[in-house]
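Visitor: I would like the atomic coordinates for the input below:
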Amino acid sequence: MSTKFLTSLFIFSMIGITGYCQSKKKQIEVLNSKLDSLNHIVSNERFSNSELTKELNDSIKLYKINFKTLQTKNTILESDNKRIKTELEKLIADLQNKTQEIERLRNQNIMIQDSLLTLKEANLKIPNFEDSLDDCWEDVPLVDTLLFSNNKKKYIMPIDSIEFLSGSNCAEINYSEDKQTVITTQSIQCSFRNGRTKTFKNDLGPQNGEYYNSFMRYTYYGSIQEIDYYLLMKENPFFFDYLLIDRENGNEINLCSMPILSNNKKYLICHSSGFCEGLNLQIFKVMGNGKINPIKFEFNCEWGPEKINFQGDNELLIRKTIDCPVHRYGKLTLN
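Guide: Numbering: from 1, shown residues only. Take a look at the predicted model:
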């Protein structure tokens, strides 16, 4: 009885185990099928990613080639810019040298004329002005009167050529470069201590082959060491004049000529033998802080100052643009 029971129990157990094993086998087959499907998907993704990676690598290589080409072009442009800047600086230096040489030759020619005039006066034995009044220009006064802004009158008194030639020339004006000033062929940009900048643009090209009335060119001389100003020359087809620019705030002062400095460096003088926007003689007082104050007066003389020498601390010796020996030279006392 117990043996049959055990045998039956064993048979039923084996049947259960067999059914369970068959179920697990089917699950493994399903899992294997899913694994094969996943492997196929992974394989396709790997192939797709491989193609994409290849395209990206090709793009990177192309970008590297283009970048290298741009670097080469940039190097060439930098070299061209340096060459152009060097040539421009050389041209500016040549212009300044030629301007100085012209001024030197002009002064030399004036000195020769003065010497000839002195010899002529000596040969004519003219001891003073009264002896030559008969040869005087009647329409030109012997003494010129300047009316200053404080209604004070000063007089340009006559002197002879000997006294004029005994005067001293101007003091040397020294210039220094300013690294903040940007100079190109198109413009000059000046920077000021108040944080502002000012650009002076050149206008060099003709239009349609016609005479270009709006031509304008600026030349940068530098920063004047004796006063707190930049100096620029401004040219157009009809005249050229100069600009003093305050390094503090950019305020401009128009000058009728290249400025000269008195020997004691107390006065800055500009003079023009022609007409420069109505200005023939400009006098500025040099202040202790490097600024200048204009000494304003009415200049209504029938002549222009051709050359100026200095005598003492406050006397201007003037040679006028007239040939009359009586009126040719004068002296103006500033104080």
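
Visitor: pLDDT at K265, what is it?
Guide: Per-residue confidence (pLDDT) for K265: 89.

Visitor: so who does it touch?
Guide: Counting by C-beta atoms under 8 Å, 6 or more residues apart in numbering, K265 makes contact with 171, 226, 286. In short, each C-beta sits where N, CA and C put it, glycine included.

Visitor: Domain-wise, how is the protein divided?
Guide: 47-125, 129-173+259-335, 174-257 (automatic domain parsing).

Visitor: Let me see the mean pLDDT of the last one.
Guide: The average of the pLDDT scores along domain 174-257 is 86.

Visitor: Check the shortest one too.
Guide: Taken as a whole, domain 47-125 carries a mean pLDDT of 79.

Visitor: what's the first-to-last distance across stretch 198-215?
Guide: Start-to-end span of stretch 198-215 (C-alpha to C-alpha, to the nearest Å) is 19 Å.

Visitor: coming back round to it: mind listing which of the contacts of K265 are in helices?
Guide: Using DSSP state H, no member of the contacts of K265 falls within helices.

Visitor: L146: which of these is nearest?
Guide: Closest approach to L146 among these (C-beta to C-beta): V286, at 19.9 Å.

Visitor: State the number of residues packed around that closest one.
Guide: 18 (other C-beta atoms under 10 Å).

Visitor: can you pull the contacts of it?
Guide: When contacts are counted by C-beta under 8 Å, 6+ apart, V286 is found next to 226-227, 261, 265-268, 292.

Visitor: want to throw the contacts of K265 into a markdown table with distance to E306?
Guide: Below are those laid out as a markdown table (distance: C-beta to C-beta, whole Å):
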| residue | distance to E306 |
| --- | --- |
| A171 | 20 |
| E226 | 24 |
| V286 | 24 |
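
Visitor: Tell me the one among those residues nearest to K154.
Guide: Set against K154, the nearest of the contacts of K265 by C-beta to C-beta is V286 (19.0 Å).

Visitor: Give me the buried subset of the contacts of V286.
Guide: 226-227, 261, 267-268, 292 (16 or more other C-beta atoms under 10 Å).

Visitor: Who's the closest spatial neighbour of Q311, skipping the chain neighbours?
Guide: Excluding its sequence neighbours, the residue lying closest to Q311 (C-beta to C-beta, 6 or more residues apart in numbering) is G167, at 4.5 Å.

Visitor: what does S191 give?
Guide: Q180 (4.0 Å).

Visitor: what secondary structure does the one you found sit in?
Guide: For Q180, the assignment made with DSSP: H, G, I helix; E, B strand; the rest coil gives coil.

Visitor: And D36, its phi and psi?
Guide: With angles defined as degrees, to the nearest 10, D36 sits at phi -60, psi -40.

Visitor: What distance do you get for it to V30?
Guide: Here the criterion is C-beta to C-beta, to the nearest Å. By it, D36 lies 11 Å from V30.

Visitor: got it, and N236?
Guide: According to C-beta to C-beta, N236 stands 96 Å off from V30.

Visitor: wait, doesn't L95 sit right on Y221?
Guide: No. Judged on C-beta atoms under 8 Å, L95 makes no contact with Y221 at a distance of 10.2 Å.

Visitor: Going by how many neighbours each has, rank those two and give me the top one.
Guide: Y221 (17 against 12).

Visitor: Could you find the closest non-adjacent residue to G290?
Guide: D228 (3.4 Å).

Visitor: could you check the distance from the one you found over to G330?
Guide: For D228, the distance to G330 - C-beta to C-beta - is 32 Å.

Visitor: Who has more neighbours out of these two?
Guide: Set D228 next to G330 and count neighbours by other C-beta under 10 Å: G330 wins out with 22 against 17.

Visitor: is the more buried one in a bridge, and if so with what?
Guide: Per DSSP bridges, the residues bridged to G330 are P158, I318.

Visitor: residue contacts, I295?
Guide: Shown in contact with I295 (C-beta under 8 Å, 6+ apart): 148, 283-285, 334.

Visitor: got these as TSV, with pLDDT and secondary structure columns?
Guide: Shown next, in TSV, are these (pLDDT from 0 to 100; DSSP: H, G, I helix; E, B strand; the rest coil):
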residue	pLDDT	secondary structure
F148	79	strand
I283	91	strand
F284	93	strand
K285	93	strand
L334	84	coil
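
Visitor: residues in contact with T197?
Guide: Neighbour list for T197: 189-191, 250 [criterion: C-beta under 8 Å, 6+ apart].

Visitor: Output the contacting helices and strands for the particular helix or strand that has F164 in it.
Guide: Using DSSP states H and E, F164 falls within helix 161-166. Judged by 3 or more C-beta pairs under 8 Å, 6 or more residues apart in numbering; DSSP states H and E, helix 161-166 is in contact with helix 2-124, strand 305-311, strand 315-320, strand 329-333.
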